[in-house]
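> Sequence first, then the predicted structure, then my questions.
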Amino acid sequence: MATFEEQTACVVEALFSDLLGEGDSECRSLETDWGEPVQSAGEPPTTFDPVVVASRLRRMGDQCNMDFERVSSEALAEVLKGKMEEFGAAVESLVRRWSDQNPELVYERAFLCVSVKLLMHVAKKVLAVLHPNQLTKVINGNARVRNYIEACGGWEKLDN
């Protein structure tokens, strides 16, 4: 069975493929995709499909209605200029702001929504500097988000 970090990397890669229009992920539907995930002999069946999880994350990102161009944050300004080393700091700043406006959202869910939405926004503006590793590090490096996802039953149960 893949580790949390490995699953996160697969989910983020699938999200990137979808954002960039690569692969067949855009043809797959969350409701109808019940393909058999690949598994090793002797392992119990798994329901982890990174394309389905990426689709769920994208829907979560769509819930974020922030206008990043109008938000004043030094880290965000750097990210919008293509300095992706500030991506994590920008996400944290935006999560605090969005959580203040939407107190019903738990931090971890707001974190996922904002990080995916910011990724989608940056992909439109400065695609050349974007790399899946940036989002993977931000998610894997946040113990609260990791614990939240694991408490849901893992990536495959997130938002089920």
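Looks like it came in fine. Numbers count the residues shown, from 1 in each chain.
> hmm, who's touching the helix or strand harbouring residue 77?
Assigned by DSSP states H and E, residue 77 belongs to helix 74-80. For helix 74-80, contacts defined as Cβ atoms under 8 Å, 6 or more residues apart in numbering pick out 68-69, 86-87, 89-90, 92-94, 118, 122, 125-126. Bear in mind the C-beta positions are built from the backbone N, C-alpha and C, glycine included.
> In the helix or strand following it, which residues are buried?
Downstream of helix 74-80, the first helix or strand assigned by DSSP H and E is helix 87-101. Of the residues in helix 87-101, 87-95, 97-99 count as buried by neighbour count, 16 or more other Cβ atoms under 10 Å.
> Summarise which helices and strands the helix or strand containing residue 108 is packed against.
Element membership of residue 108 [criterion: DSSP H and E] is helix 107-125. Here helix 107-125 touches helix 4-19, helix 50-62, helix 74-80, helix 87-101, helix 132-140, helix 143-151, going by 3 or more Cβ pairs under 8 Å, 6 or more residues apart in numbering; DSSP states H and E.
> for the ones you listed, which one sits closest to residue 159?
helix 50-62 (4.7 Å; Cβ to Cβ).
> So which bits of the closest one are buried?
Buried, per 16+ other Cβ under 10 Å, within helix 50-62: 50-58, 60-61.
> Just put those in a markdown table and tack on distance to residue 17 and pLDDT.
Output for the buried residues of helix 50-62, formatted as a markdown table (distance: Cβ to Cβ, whole Å; pLDDT from 0 to 100):
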| residue | distance to residue 17 | pLDDT |
| --- | --- | --- |
| 50 | 9 | 96 |
| 51 | 8 | 95 |
| 52 | 13 | 94 |
| 53 | 13 | 95 |
| 54 | 8 | 95 |
| 55 | 11 | 94 |
| 56 | 15 | 94 |
| 57 | 13 | 95 |
| 58 | 11 | 94 |
| 60 | 17 | 94 |
| 61 | 15 | 94 |
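> Wait, residue 58 touches residue 14, no?
No - checked against Cβ atoms under 8 Å, the pair residue 58 and residue 14 is beyond contact range at 9.7 Å.
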